[in-house]
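Peer 1: below are the sequence and a predicted model for it; my questions follow.
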Amino acid sequence: MRKLSDYVEIAATEYLQETGRGELDSRWIAEFFQDYGVQDDYPGQDLVAFYALVQKALTLKTDRLEKLARLQR
């Protein structure tokens, strides 16, 4: 069983790679939550709380990428 933080990082990374957007889509994260087994591994985990965790990780990733892009200019 993966740690919840691993699922959060995987979701944020995959979403960013697939969409390039920093705002998480609720349908996408709901599919991830079910398809990747987060729901099975953590039956007490609320989808809304998981969404918030992934959005926070996604925001951190996009902020880092923006800072890196500015430094490279």
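Peer 2: Received the coordinates, thanks.
Peer 1: please count neighbours and contacts with C-alpha atoms only from this point.
Peer 2: OK.
Peer 1: what about the lengthiest helix in the chain, average pLDDT?
Peer 2: For the chain, the longest helix by residue count, based on DSSP state H, is helix 47-72. Mean per-residue pLDDT for helix 47-72: 95.
Peer 1: give me the most central residue, the chain.
Peer 2: residue 12 (2.6 Å; Cα atoms, centre = their mean).
Peer 1: that residue touches residue 54, doesn't it?
Peer 2: Yes. Using Cα atoms under 8 Å, residue 12 is in contact with residue 54, at 5.7 Å.
Peer 1: the longest helix of the chain - contacts with which helices or strands?
Peer 2: helix 4-19, helix 26-35 (3 or more Cα pairs under 8 Å, 6 or more residues apart in numbering; DSSP states H and E).
Peer 1: buried residues in that helix?
Peer 2: 47, 50, 51, 53, 54, 55, 56, 57, 58, 59, 61, 62 (16 or more other Cα atoms under 10 Å).
Peer 1: these into TSV, with extra columns for distance to residue 7?
Peer 2: Listed next are the buried residues of helix 47-72 as TSV, based on distance: Cα to Cα, whole Å:
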residue	distance to residue 7
47	12
50	9
51	11
53	10
54	9
55	12
56	13
57	11
58	12
59	16
61	15
62	18
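Peer 1: just the residues you listed now: which is nearest residue 30?
Peer 2: residue 47 (7.1 Å; Cα to Cα).
Peer 1: ok, now which ones touch the closest one?
Peer 2: By Cα atoms under 8 Å, 6 or more residues apart in numbering, the residues touching residue 47 are 30, 33.
Peer 1: same check, this time on the one 3 residues further on
Peer 2: The contact partners of residue 50, by Cα under 8 Å, 6+ apart, come to residue 8.
Peer 1: what about 10 Å?
Peer 2: 4, 5, 7, 8, 29, 30, 33, 38, 56 (Cα atoms under 10 Å, 6 or more residues apart in numbering).
Peer 1: residue 63 now?
Peer 2: By Cα under 10 Å, 6+ apart, the neighbours of residue 63 are 22, 57, 69.
Peer 1: ok, now residue 5?
Peer 2: Counted by Cα under 10 Å, 6+ apart, residue 5 has contacts 11, 50, 53, 54, 57.
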